[in-house]
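Student: using only what follows, build the 3D model:
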Amino acid sequence: MPRKPRRRLRPQRSGEQTPNGAPTAALPVASVPGQKLRASVFTVSLLLLSVYLPLTGMVYSESWYRLNCKWSERCLVLGQLAERSIDNLTDYFLHIEVLHDRWSEKERLHLAEVRGIYDVLAGAALLAVLGLVFGYRAVNLRRAALVNIAVILSLLLLLPAFGYFWRHVFHELVFSNELWRTDRNDITWYITPRVMFRNATVALIIGGVAINLAVLAVDAWLRRRNRLRPQITKR
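Tutor: Below you'll find the model as predicted:
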């Protein structure tokens, strides 16, 4: 006997009824590209803030410079000038005051470029906050945090060759001049030695990983709450 052609089942739309007469629930219309976009925006925004927040704690804090001065004997040469210059530098980055007269013209030009970069990063951080709001979904937390931890930990690869990276890669990419090169006549040679930036990289890695571990903790709490919610409802 010839087989009867099978009827193709089509998805039921919202408002239609099932064979027993019960109305169907509205099916969520999900856009896969839209979901991927939101997940990507959330991940990148979280990464930027994971790097920017620890960086801010170092750039605008006198304590960070003073701590590195204690580890480096260079600052001892300047005496009180080192203390005054550290306060002046952080206030300059915060647009509170101008650089005092002891900074060389070369340093003034370079530090103006550096402050401009920090200002751009501050604006990018504000956009990243908006990106977190736009891309937030609970399902994005775990993946974003794990990806960011892997990216941030990859910075550890720079440490064995940090001197070469700092001189021949980073500055070559970021600056189009040689103003960043210092000597014993520059205040920055004493209060911002290269070892300070290596220490800053380590602190940035620790801070960035800690932020994303906190995100993982929030994700675990949300998952646990969602598992317990049906049990509480039944009671």
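Student: all contacts plus neighbour counts: C-alpha atoms, from now on.
Tutor: OK.
Student: so, low pLDDT: which residues of this structure?
Tutor: 1-30, 230-235 (pLDDT under 70).
Student: can you give me the helices for the protein?
Tutor: With helices called from DSSP state H, the chain shows them at 32-59, 62-71, 74-78, 80-93, 105-135, 138-153, 162-165, 171-174, 187-191, 194-234.
Student: got CSV for those helices, with mean neighbour count and distance to Trp180 too?
Tutor: What follows is these, written out as CSV (neighbours: other Cα atoms under 10 Å; distance: least, Cα to Cα, whole Å):
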stretch, mean neighbour count, distance to Trp180
helix 32-59, 18, 17
helix 62-71, 16, 18
helix 74-78, 16, 18
helix 80-93, 18, 15
helix 105-135, 16, 6
helix 138-153, 17, 26
helix 162-165, 15, 14
helix 171-174, 12, 8
helix 187-191, 21, 9
helix 194-234, 15, 11
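Student: how about TSV for the ones you listed, with distance to Arg181 added?
Tutor: Below are the helices of the chain laid out as TSV (distance: least, Cα to Cα, whole Å):
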stretch	distance to Arg181
helix 32-59	19
helix 62-71	19
helix 74-78	17
helix 80-93	17
helix 105-135	9
helix 138-153	27
helix 162-165	13
helix 171-174	10
helix 187-191	9
helix 194-234	11
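Student: out of the ones you listed, the one nearest Leu99 is which?
Tutor: Closest to Leu99 of these is helix 80-93 (Cα to Cα; 6.3 Å).
Student: packing partners for the closest one?
Tutor: Contact here means 3 or more Cα pairs under 8 Å, 6 or more residues apart in numbering; DSSP states H and E; on that basis helix 80-93 packs against helix 62-71, helix 187-191.
Student: could you check the angle helix 62-71 makes with it?
Tutor: Helix 80-93 runs at 150 degrees relative to helix 62-71, counting by axes from the mean of the first three to the mean of the last three Cα atoms, to 10 degrees.
Student: about what we covered before: relative to Ala210, which of the helices and strands packed on helix 80-93 is closest?
Tutor: Closest among those, once you apply Cα to Cα, is helix 62-71, at 18.6 Å.
Student: out of the helices and strands packed on helix 80-93, the one nearest Leu216 is which?
Tutor: helix 62-71 (28.0 Å).
Student: from the chain's centre, how far out does that closest one sit?
Tutor: 23 Å (Cα atoms, centre = their mean, to the nearest Å).
Student: what lies in contact with that helix?
Tutor: With Cα atoms under 8 Å, 6 or more residues apart in numbering as the contact definition, helix 62-71 has outside contacts at 58, 75-76, 83, 86-87, 90, 191-192, 196.
Student: ditto for stretch 96-103
Tutor: Residues contacting stretch 96-103 (Cα under 8 Å, 6+ apart): 85, 88-89, 91-92, 108, 186-187.
Student: which residue comes closest to Val77 once chain neighbours are left out?
Tutor: Tyr190 (7.9 Å; Cα to Cα, 6 or more residues apart in numbering).
Student: got a markdown table for the contacts of stretch 96-103, with distance to Ser31 too?
Tutor: A markdown table is the format used below for those (distance: Cα to Cα, whole Å):
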| residue | distance to Ser31 |
| --- | --- |
| Ser85 | 55 |
| Asn88 | 52 |
| Leu89 | 49 |
| Asp91 | 48 |
| Tyr92 | 47 |
| Arg108 | 51 |
| Asp186 | 57 |
| Ile187 | 56 |
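Student: what's the farthest-apart pair in those?
Tutor: Pairwise over these, using Cα to Cα, the maximum falls at Asp91 and Asp186, 18.7 Å.
Student: distance of Phe175 from Arg198?
Tutor: Distance, Phe175 to Arg198, by Cα to Cα, to the nearest Å: 19 Å.
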